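[1] my questions concern the predicted model and sequence given below.
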Amino acid sequence: MRICLISSSFYPAISYGGPISATLGLAKSIACEDLQVFISTTNANGNDRLNVPLNNFVQKEKNLFIKYYHEEFINRFSFSFLFGIWSDIKKSNIIYIQYLYSYTVIISLLFALIQFKKVVICPRGSFSSYTLTYKRPLLKRIWISLFFAPFTNSIIWHASSYLEKNDIKKIFPKSKVEIVNDGVDFNSFQSSSILKKDELIFKYTSKKYMHISNIFFSMGRLHKIKSFDILIKSFSIYIKKDKNAKLLIAGADDGEEKMLSLLIEKLKLQNSVFLIGLVNFDDKKILLNNCDYFTLASSFESFGIVIAEALCCGKPIILSNKTPWCDLEDNKCGILVNNDSKSFAIAFNKISSMKFNSENIKSIAEENFDWKNISKKFLEKFIND
């Protein structure tokens with residue numbers, strides 16, 4: 001059997017955030033003797049293009065192939081995709097499409113329906129109230145009504161959490177929606193360099209400090225939806241009691257870096273809060289394994305891959321309750337809080353006095369999020385049903 005996985009962008013285009021790595025992990029984990037995975041994507045990488053072979057499938061691993069189509073207009077259109085994707089779909093049994101608001105989705109959906117293929121769409125948070133009201137809300141509603149509403153009975157929706165399923169059901173109440181959350185490679189996070197607190201801070205800020213109490217780490221695109229401003233404001237409150245604490249924020253700029261930098265200056269946090277930019281996988285492992293706590297103040301997450309990655313490293317988490325991690329506290333893995341500065345500041349103080357079992361946190365992560373378990377669920381829900 002052959003699955004055609006279609007995404008507007010793909011690894012190594014990590015500037016788009018965690019879903020890129022998650023999609024790669026999914027593709028690698030479901031490729032097996034009975035299933036070949038052919039990925040059709042573009043060479044878009046933010047405002048740049050990937051330096052990759054174009055317009056032909058290249059085998060990356062056993063039963064895993066990738067074709068990058070050249071985008072003449074970055075994030076807007078690819079003529080080679082338009083003329084090539086018909087054949088990719090025709091040769092496949094199942095069409096699995098990522099995202100919603102992209103020309104690649106509409107072209108692929110139309111061609112798949114014409115060819116009577118089984119279609120699965122993973123909207124990646126595109127139906128959330130935040131996304132629907134952020135930037136061109138009317139256009140998004142028209143897009144959904146024109147291109148998806150007429151075909152809802154022919155689409156199986158892949159939701160990454162119960163929140164995303166609820167969002168899809170609000171728009172299409174009678175649609176078929178299956179929940180399979182994103183996964184992580186648990187074992188890959190178990191081998192990492194161990195650094196002292198001052199070494200970790202120096203490595204990513206080039207600044208030396210004699211006394212460091214707690215290191216908090218956060219990660220994500222520097223985008224309004226991630227609410228890093230809330231995190232920074234809360235930290236300005238917290239360090240009045242813990243003046244030697246540090247907050248590291250990793251992520252590529254997605255429109256908010258300048259504002260966040262000005263906020264850090266305004267609150268005089270230049271020696272406490274650091275924007276360290278986009279980090280690669282090895283650096284992410286080092287940061288997650290050597291920080292004391294992971295934290296994320298986000299207005300919305302359909303899942304939140306980096307949260308699962310932090311759990312793989314056994315780290316307690318302070319997390320916005322706008323995310324789908326409602327069982328975080330029940331599993332003794334951290335604290336859920338209201339998404340405001342005061343609540344996060346209180347949680348920073350609270351968590352430092354709590355005791356957590358790192359090995360227990362890791363065990364929960366492996367059982368619930370390792371790809372070997374996630375891939376089984378994916379195959380059961382979408383391939384072998």
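    Cool, the structure landed.
[2] how about the strands in the stretch 251-385 of the chain?
    273-277, 293-296, 317-320, 334-337 (DSSP state E, counting those that start in this stretch).
[3] could these go into CSV alongside mean pLDDT?
    Shown next, in CSV, are the strands of the stretch 251-385 of the chain (pLDDT from 0 to 100):
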stretch, mean pLDDT
strand 273-277, 97
strand 293-296, 98
strand 317-320, 96
strand 334-337, 96
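[4] those: which one's closest to Lys377?
    Lys377 lies closest, by CB to CB, to one member of the strands of the stretch 251-385 of the chain: strand 317-320, at 23.0 Å. Bear in mind the C-beta positions are built from the backbone N, C-alpha and C, glycine included.
[5] tabulate the CA atom coordinates of that closest one in CSV.
    C-alpha atoms of strand 317-320 as CSV (Å, rounded to 0.1, in the frame of the first residue of the first chain):
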residue,chain,number,x,y,z
ILE,A,317,6.1,22.1,33.2
ILE,A,318,4.3,25.4,33.9
LEU,A,319,1.7,25.6,31.1
SER,A,320,-1.2,27.7,29.9
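[6] partner strands of it, with direction?
    strand 293-296 (parallel), strand 334-337 (parallel) (DSSP bridges).
[7] circling back to that earlier point, nearest to Phe235, out of the strands of the stretch 251-385 of the chain?
    Closest among the strands of the stretch 251-385 of the chain, using CB to CB: strand 273-277, at 5.7 Å.
[8] contact partners of that closest one?
    201, 204-205, 222, 232, 235, 246-252, 257, 260-261, 264 (CB atoms under 8 Å, 6 or more residues apart in numbering).
[9] just the ones of those residues in helices?
    Ile201, Tyr204, Thr205, Ile232, Phe235, Glu257, Leu260, Ser261, Ile264 (DSSP state H).
[10] and Tyr69, how far from Asp182?
    25 Å (CB to CB, to the nearest Å).
[11] elements contacting the helix or strand Gly84 falls within?
    In this assignment (DSSP states H and E), Gly84 forms part of helix 79-90. Helices and strands touching helix 79-90, by 3 or more CB pairs under 8 Å, 6 or more residues apart in numbering; DSSP states H and E, are strand 2-6, strand 36-42, strand 64-69, helix 103-114.
[12] can I get those in CSV with mean neighbour count?
    Converted to CSV, the helices and strands packed on helix 79-90 look like this (neighbours: other CB atoms under 10 Å):
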stretch, mean neighbour count
strand 2-6, 23
strand 36-42, 24
strand 64-69, 22
helix 103-114, 20
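[13] now the ones you listed as a markdown table including distance to Glu366 and mean pLDDT?
    Formatted as a markdown table, the helices and strands packed on helix 79-90 follow (distance: least, CB to CB, whole Å; pLDDT from 0 to 100):
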| stretch | distance to Glu366 | mean pLDDT |
| --- | --- | --- |
| strand 2-6 | 25 | 97 |
| strand 36-42 | 24 | 97 |
| strand 64-69 | 23 | 97 |
| helix 103-114 | 33 | 98 |
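[14] could you dump those to JSON lines with distance to Pro19?
    Converted to JSON lines, the helices and strands packed on helix 79-90 look like this (distance: least, CB to CB, whole Å):
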{"stretch": "strand 2-6", "distance to Pro19": "13"}
{"stretch": "strand 36-42", "distance to Pro19": "13"}
{"stretch": "strand 64-69", "distance to Pro19": "16"}
{"stretch": "helix 103-114", "distance to Pro19": "14"}
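[15] sorry, back to before: out of the strands paired with strand 317-320, deepest packed?
    Mean neighbour count (mean count of other CB atoms under 10 Å) peaks for strand 293-296 among these, with a mean of 25.
[16] show residues contacting that strand.
    Under CB under 8 Å, 6+ apart, the answer for strand 293-296 is 214-220, 226, 231, 247, 288, 304, 306-307, 310, 315-320, 323, 334, 344, 348, 351-352.
[17] now with 6 Å, please.
    Phe216, Phe217, Ser218, Ala310, Lys315, Pro316, Ile317, Ile318, Leu319, Ile351 (CB atoms under 6 Å, 6 or more residues apart in numbering).
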